[in-house]
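S.K.: Pasting the sequence and the predicted model now:
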Amino acid sequence: MATLLSRIFGKKTTSAPSPINDELDISALKPLMEPKAPVSTDPKDLSGAWTMQQVTTVFPSAQRALFQKYHVGGCSSCGFQPADTLATVAINHGLDVNEVVEHIQRSQEIEKDLEITPRETAELLKEGTIKLLDVRTPEEYAIASVRGSMLADQSLAQEILQTWPKDTAIVTICHHGIRSLDAAAYLRGHGFANVKSMSGGIDGWSLQIDASVPRY
């Protein structure tokens with residue numbers, strides 16, 4: 001604080017006054033002169049100037065899509081800040097911003113490829129051709145679970161990433177199908193190409209497949 005005050009007010013001195021500089025210092029005005037971030041919420045207006053907060057608000061599927069294809073935003077080393085612009089994030093990861101913009105604009109359609117219905121899941125589970133991975137908390141899993149599913153704790157997650165074959169057929173499941181989408185995108189981003197998220201979550205399973213599974 002003392003240093004700041006001395007810079008603002010200076011100290012009395014007996015030395016000769018410095019020459020007057022008539023040149024205007026506009027450095028303090030630069031933040032006001034820089035272009036503002038766009039305020040549009042129209043998906044068609046998406047550009048590299050949008051902040052990531054705007055991107056993820058207008059495109060809820062954007063973060064999953066970015067991680068799935070580019071491994072952007074899924075961990076501390078590849079993350080971003082809400083105030084970062086999309087162009088900055090693209091440049092930091094060596095990506096073409098126009099390609100990233102197009103990918104995000106297609107992300108809603110891309111996300112449909114991540115989903116599988118409860119009925120389709122039930123058939124595959126009956127055939128024994130999938131691993132059903134429950135990504136809810138242990139407390140939720142204790143309330144309701146699908147027979148044959150596995151709770152994805154930290155130990156199992158490490159095992160999957162380190163030892164499971166990349167072509168393993170996996171279906172992720174959560175409460176309503178939101179967290180499971182994040183988990184599926186995360187696994188896709190780590191090379192597991194045959195991963196789906198069950199739409200509707202265990203709540204949808206209870207409504208469509210097995211009414212004996214409690215709803216909460």
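M.R.: On my side now, so go ahead.
S.K.: so where do the strands sit in the chain?
M.R.: 115-116, 131-134, 150-151, 170-173, 195-198 (DSSP state E).
S.K.: Dump those strands into JSON lines; add mean neighbour count and mean pLDDT as well.
M.R.: Where you see a C-beta, it was placed from the backbone N, CA and C, and this is true even at glycine. Output for these, formatted as JSON lines (neighbours: other Cβ atoms under 10 Å; pLDDT from 0 to 100):
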{"stretch": "strand 115-116", "mean neighbour count": "18", "mean pLDDT": "96"}
{"stretch": "strand 131-134", "mean neighbour count": "23", "mean pLDDT": "98"}
{"stretch": "strand 150-151", "mean neighbour count": "15", "mean pLDDT": "97"}
{"stretch": "strand 170-173", "mean neighbour count": "26", "mean pLDDT": "98"}
{"stretch": "strand 195-198", "mean neighbour count": "27", "mean pLDDT": "97"}
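S.K.: Out of those, the one nearest residue 83 is which?
M.R.: Across these, residue 83 has its closest neighbour in strand 195-198 (29.4 Å, Cβ to Cβ).
S.K.: Show me the domain layout of the protein.
M.R.: 41-111, 114-208 (automatic domain parsing).
S.K.: Determine which of these approaches residue 216 most closely.
M.R.: domain 114-208 (5.3 Å).
S.K.: for the closest one, the distance to its chain's centre please.
M.R.: 18 Å (Cα atoms, centre = their mean, to the nearest Å).
S.K.: and what of stretch 45-61?
M.R.: 12 Å.
S.K.: How about that stretch, which residues are buried there?
M.R.: Across stretch 45-61, burial judged by 16 or more other Cβ atoms under 10 Å covers 46, 49-52, 54-56, 58-59, 61.
S.K.: still on that earlier bit, can I get the domains of the chain in a markdown table including distance to residue 214?
M.R.: As requested, these are exported to a markdown table (distance: least, Cβ to Cβ, whole Å):
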| stretch | distance to residue 214 |
| --- | --- |
| domain 41-111 | 28 |
| domain 114-208 | 4 |
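S.K.: least reliable of these going by mean pLDDT?
M.R.: The minimum mean pLDDT among the domains of the chain belongs to domain 41-111 (a mean of 90).
S.K.: and the end-to-end length of that one?
M.R.: 20 Å (Cα to Cα, to the nearest Å).
S.K.: Stretch 185-197 too?
M.R.: So stretch 185-197: terminal residues 9 Å apart, Cα to Cα.
S.K.: Give me the contact list for it.
M.R.: 64-65, 67-69, 71, 74, 114-116, 121, 160-161, 164, 166-173, 177, 180-181, 183-184 (Cβ atoms under 8 Å, 6 or more residues apart in numbering).
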